[in-house]
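Student: quick one: sequence plus predicted model below, questions after.
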Amino acid sequence: MAKLTKKQKEMAKLDSEKLYSVDDAIKTVKELATAKFDETIEIAMNLGVDPRHADQMVRGVVSLPSGTGKDVKVAVFARGDNADKAVAAGADKVGAEDLMEDMQAGNLDYDRVIATPDMMGVVGRLGKTLGPKGLMPNPKLGTVTPNVEQAIKDAKGGQVEYRVEKAGIIHSGIGKASFSEGDLRKNFDTLVNAVVKAKPSGAKGKYVRKVSVSSSMGPGLKIDLAEIEGA
């Protein structure tokens, strides 16, 4: 029988039903993040909503105070002065019809797609391409805007989008294993508070059902909901 690694032994000791305080969960998850790369620390929130109903959809953006630790790739649909501003602000790719054709050909390696309002006629043709990936520019999320510089700055500076999936779960990264416990806690609180405030009018019964924290390669640790205000 193969010998257990130190990490496997540590994980075997974890009680999958134990409820952790937020600080203990972050500390433990950091300790277990021993992969050869800087693992992402992730949060999963199970919500009492059915996103198939419009009045139970939970979606928005929030700026994490400690950043994400991730190099965010941004594509911008813009022309003329706005295109020049987008390039100067650090967009990874800027274009119009040429960018649309590039995306239709399957080049979709972006974390955020931004568009100026005058470009929505072009972007509209990408609904079936960008929609399923959650990349379609949207005025409510600040990704359809005349101020491309600010949108790029926000995207690259720690702003994350959260969106409830079919099963009523939100998944989001809140930083890297190399972050301090304090910085991860600030990001955790900011994201959870944003989701709690975004409770939709159609949500019935208990809204926040379960919250867990994990690293890319590690187990999920359940958080004691008594610690989460508004849950």
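Tutor: Right, received. Where do you want to start? Numbers count the residues shown, from 1 in each chain.
Student: mean confidence for stretch 34-41?
Tutor: The average pLDDT within stretch 34-41 is 93.
Student: please save the CA atoms from that stretch in PDB.
Tutor: Output of stretch 34-41 as PDB, limited to C-alpha atoms (Å, rounded to 0.1, in the frame of the first residue of the first chain):
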ATOM      1  CA  THR A  34       0.900  22.900  -0.700                       C
ATOM      2  CA  ALA A  35       0.800  22.500  -4.500                       C
ATOM      3  CA  LYS A  36       3.800  23.600  -6.600                       C
ATOM      4  CA  PHE A  37       1.800  26.600  -7.800                       C
ATOM      5  CA  ASP A  38       0.200  29.500  -5.900                       C
ATOM      6  CA  GLU A  39      -3.300  28.000  -5.400                       C
ATOM      7  CA  THR A  40      -6.400  30.100  -5.600                       C
ATOM      8  CA  ILE A  41      -8.500  30.300  -2.400                       C
END
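Student: now it: buried residues?
Tutor: 38, 39, 40, 41 (16 or more other CB atoms under 10 Å). Backbone N, C-alpha and C define where each C-beta goes, glycine included.
Student: and which of those is nearest to residue 195?
Tutor: Nearest to residue 195 among those: residue 41, at 16.4 Å, using CB to CB.
Student: tell me the buried residues in stretch 95-109?
Tutor: Applying 16+ other CB under 10 Å to stretch 95-109 flags 95, 96, 99, 100, 103 as buried.
Student: what lies in contact with that stretch?
Tutor: Stretch 95-109 is contacted from outside by 73, 75-79, 83, 93, 119, 122-123, 125-126, 129-130, 133, 135, using CB atoms under 8 Å, 6 or more residues apart in numbering.
Student: one more: stretch 140-158?
Tutor: 59-61, 63-68, 72, 74, 76, 78, 82, 85-86, 88-91, 111-117, 120, 137-139, 161.
Student: go again using 7 Å as the cut-off
Tutor: Here stretch 140-158 makes contact (CB atoms under 7 Å, 6 or more residues apart in numbering) with 61, 63-64, 67-68, 72, 74, 76, 78, 82, 85-86, 89-91, 112-117, 120, 137-138, 161.
Student: packing partners for the longest helix along the chain?
Tutor: As assigned by DSSP state H, the longest helix anywhere in the chain is helix 181-197. For helix 181-197, the elements it packs on are helix 22-32, strand 40-47, strand 59-63, strand 169-176, judged by 3 or more CB pairs under 7 Å, 6 or more residues apart in numbering; DSSP states H and E.
Student: in strands only, show me the contacts of stretch 140-158.
Tutor: 61, 63, 74, 76, 112, 113, 114, 115, 161 (DSSP state E).
Student: now, among those, which is nearest to residue 188?
Tutor: residue 63 (14.0 Å).
Student: show the pLDDT at the residue nearest to the spatial centre of the chain.
Tutor: Central residue of the chain (CA atoms, centre = their mean): residue 172, 3.9 Å from the mean position. At residue 172, the predicted lDDT confidence score is 93.
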